[in-house]
Each structure stands twice: as structure tokens, then as C-alpha cells.
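Asks: attaching a predicted model along with its sequence, questions to come.
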Amino acid sequence: MAADPLDEAKTKVADAVDRLADELEKLSLQIHANPELCFKEEKASAWLTGFLEKQGARIERGVGGLPTAFRATVEGTGPGPTVAIMAEYDALPNIGHACGHNVIATAGTGAGAAIAAALGKVPFAGRVQVIGTPAEEGGAGKVKLMEAGVFKGVDAAMMIHGRCGTQVWRPSLGIVKVKCDFFGKASHASSWPWRGVNALNAMIQLFVSLDQMRQQIKPDARVHGIITKGGDQANIIPEHTASEFYLRAPSKDYCQELLRRFEGCAQGAATATGCTVKVTADPIIHDPLKPNFAMATLFGQNLERIDFPVDPDDGEAGYGSTDCGNVSQALPTIHPYIRISPDGIPGHSREFAEWAKSPLARTGMVAGAKALALTALDLLARPDELKRAKEEFERGVGG
Ligand SMILES: [Zn+2]
Ligand SMILES: [Zn+2]
């Protein structure tokens, strides 16, 4: 009986991930210890491309006009589809790798590196690419890469994200990002307060109005913001205050509805306090993730093959957002979650940052690398599966 070339390739690649695991973990901890903010991920990008190059992938640095982006290609036997594995590596301000992007980086890189190391060439038509995607936290790097054509010719894309549980599919919310500035008039806060117009009062009024609005919005929507400028000194009536907000919802339409209501709240706060207001919505809107159950099923089967358990969603957490949502609206994409912490540890917390460098994170990273690589091989070796993923994408609904 002839051996199944896909099965053989999968075994070799999974073994290669195990062989590379110590180096990948070292890389993950190095990135964790050197958190770099969006678009400034110079060290991470250099380390990851260096590693991929060493394992035999062809590297292009600075793709799509973003200096910290990259593309690593492992060619197959001839012309055919392109499967992309995405790697994120940016950190958050002050709290470092509290979203665990060091694990995303090394799982994605590990998948591509293991294919290159184990097989040299993909033994099927087409190619696998690891695309290094900067600035997920706040920069919408993937949208910029798409606009620059980096995903042109990609047939299917995938990545993993660390979480307090393993779920092959979980929704994400769309986001409209909005900045709001109030302008008043400076005056002495003690001797001439009645000659000032207080831009901080307007800002506080905006937060109060949004708190009232929150009761009247759909339960899955989110409105949250911070004051980035509250004034200059306590003895000056603030003449300028600034804030930024994320308006999130499961659909883009409802994000627009939130923006409409937000503008009303801001206008009302300005009128009440005699200020003027400027509301600036970011032209880049984050899309919600579009599911692809054909690809998610393959990923789930590969987790089963490597004996990595999938967890029921305990419903304790709401949803976040990702610029991967925009990729998923352009081509068949999956964004599964892999456990790197115990149950109930919130992302963007200091506890999660600790777990992102734990032995559990290593286990999740290794499983993620294997399942990504094996799923990429499935899509190249089994044209029917890729076709099914594409048909589902075209139909526009999850199966
Ligand atoms: Zn995050
Ligand atoms: Zn993240």
C-alpha cells in the first residue's frame, strides 16, 4: 500500500515543530521581553525573518511599504494556490505583551519554518507564505498591507491568537475609531472663571451622555474611551481637551449608527457648555470576522490529530476586534484561539502578559504552529477543500 504523501508530510512537519520548539520558545520570550509598539517592531521583525531564513524560507522585508512587515515564502512543486499564515508581533503601551502577540508571532513563524525545515519545498503545487503583519493594536497594519497589494494572489489566510481557552471559531466586532476635541477659552480659574469657556466640562458631559446612551444600545455593542488631554494646569480654565473612543458592534452598519449617536452626544455637550467640537472618525473601519467553517473544520481536525483539546466557550467573555476581520472579508480566512492561560484570564491584563511567557504559552504556541502548518498543507494537497472554503466565502455565510 502506497503511503499517503499528505499524511507523510504532516508527520514530518509536526516533528519539525517539536525539534524547533526550544528555539521558537526562546524567540517568543525574547519578543516578550522586548515589547515594541505598533509600526516599531524592528527587533521582532528582524528576529523572525532571521529564523525563517535560516530554515530555508525566501524572505522579503518591508513589504507593502511597512518597514516592519515581511513575507517569507516556501515554494511548492509548481504553479498553484497561495496559503498565507499571518504573524503579529506588536505590544501594548505600558502593559507589554498583554495580548500575547509574541505567541502569534512564533506560532506563525514556527509553522512556516517547520515546513521549510522538514520538507525544503512544499510537496504540492502552490506555496505557503508567512506574512508578518505589524500594528494590530491600533494601527490596522493588515488593512494597510491589503491596500498595498500584499494579500493579492493569496487564496486563503490564517493565524492563531492566544486566549484563556481554545476555540476554533469566535466572532469579533467591527470598530469605528473616533477622536473628539472640545475647544473653549482659557482664563484664570480663580479670579476670572466667568470669562473662560471650559472644554473639560464639555468632555465630562460627553462621557455622561455616552453613559446614558449605553443603556439604549444593543448588548453586543461597546463604546469606550479615554481622555488624552484634560487641560494644562488646574489654575487655567481648559481651552482644549481631547479624547479617543472605539465604537464597536457585530456589524459595520451598527458601528455607523453608534457614530451617528456619538456625534449627537458630542454636539450636545458642546452646546451645553458653549464650546465648539470636532469629531474625527478614522477612515479605516475594522470589519467583523467573517467565518469560514470549511477551513475551521480542517484546523479542528488537525488539532485533533495532534491531540490538543478544544474547549467549549464558557460565555464568560465578550468579543474583541481584529484587523484580521478585514482580511476575512476579502478572502477565506480563519482566526482560531489557542489556550495560553487558565480559564477566565482577560486579555490586555497584566496577568495575561505573565501567562504569555509561561509553559502553557509554549504548549499553545507549539500546537498553534502545528495546526497552522498542517492546515496549510491540507489546503494545498486537497484542492477540493480549498474549493469548499472559497465557495463558502462566496456564499457569504458560515456553514
Ligand atoms: Zn489585543
Ligand atoms: Zn491581539
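Replies: Thanks, I have it. Ligands and ions are numbered 1, 2, ... in the order given.
Asks: for the closest residue to Ile237 other than its chain neighbours, what are its contacts?
Replies: Excluding its sequence neighbours, the residue lying closest to Ile237 (C-beta to C-beta, 6 or more residues apart in numbering) is Gly196, at 3.0 Å. The way it works is simple: take the backbone N, C-alpha and C, and place the C-beta from them, glycine included. Applying C-beta atoms under 8 Å, 6 or more residues apart in numbering to Gly196 gives the contacts 184-189, 237, 239.
Asks: now do Thr297, the pLDDT please.
Replies: Looking at Thr297, its pLDDT stands at 98.
Asks: in which helix or strand does it reside?
Replies: Thr297 is part of helix 293-305 when elements are defined by DSSP states H and E.
Asks: which helices and strands does the next helix or strand after that helix pack with?
Replies: Once helix 293-305 ends, the next helix or strand along the chain (criterion: DSSP H and E) is helix 324-330. Applying 3 or more C-beta pairs under 8 Å, 6 or more residues apart in numbering; DSSP states H and E, we find helix 324-330 packed against helix 141-147, strand 333-334.
Asks: contacts for the first one?
Replies: For helix 141-147, the surrounding residues in contact (C-beta under 8 Å, 6+ apart) are 38-39, 63-66, 69, 86, 88, 90, 131, 133-136, 151, 284, 286, 323-324, 326-327, 330.
Asks: and it, what's buried?
Replies: By neighbour count on 16 or more other C-beta atoms under 10 Å, the buried set for helix 141-147 is 141-146.
Asks: so what strands line up beside whichever helix or strand comes after that helix?
Replies: Downstream of helix 141-147, the first helix or strand assigned by DSSP H and E is strand 156-158. Here strand 156-158 is paired, per DSSP bridges, with strand 82-87 (parallel), strand 333-334 (parallel).
Asks: what about the first one, distance to the chain center?
Replies: Taking C-alpha atoms, centre = their mean, to the nearest Å, one finds the center of strand 82-87 at 14 Å from the center of the full chain.
Asks: and if you look at the last one?
Replies: Taking the mean of its C-alpha atoms, strand 333-334 sits 12 Å from the chain's own mean (C-alpha atoms, centre = their mean).
Asks: so Leu360 is in which element?
Replies: Here Leu360 sits within helix 359-381, counting by DSSP H and E.
Asks: mind exporting the C-alpha coordinates of that helix to CSV?
Replies: The C-alpha coordinates for helix 359-381 follow below in CSV (Å, rounded to 0.1, in the frame of the first residue of the first chain):
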residue,chain,number,x,y,z
PRO,A,359,5.0,26.9,29.9
LEU,A,360,1.3,27.0,28.9
ALA,A,361,2.1,29.6,26.3
ARG,A,362,4.8,27.3,24.9
THR,A,363,2.4,24.4,24.7
GLY,A,364,-0.2,26.6,22.9
MET,A,365,2.5,28.1,20.6
VAL,A,366,3.7,24.6,19.6
ALA,A,367,0.1,23.4,19.0
GLY,A,368,-0.7,26.5,17.0
ALA,A,369,2.3,26.2,14.8
LYS,A,370,1.5,22.5,14.0
ALA,A,371,-2.2,23.1,13.4
LEU,A,372,-1.5,26.1,11.1
ALA,A,373,1.2,24.3,9.1
LEU,A,374,-1.0,21.1,8.8
THR,A,375,-4.0,23.1,7.7
ALA,A,376,-1.9,24.9,5.1
LEU,A,377,-0.7,21.6,3.7
ASP,A,378,-4.4,20.3,3.7
LEU,A,379,-5.4,23.3,1.5
LEU,A,380,-2.6,22.8,-1.0
ALA,A,381,-2.8,19.0,-1.1
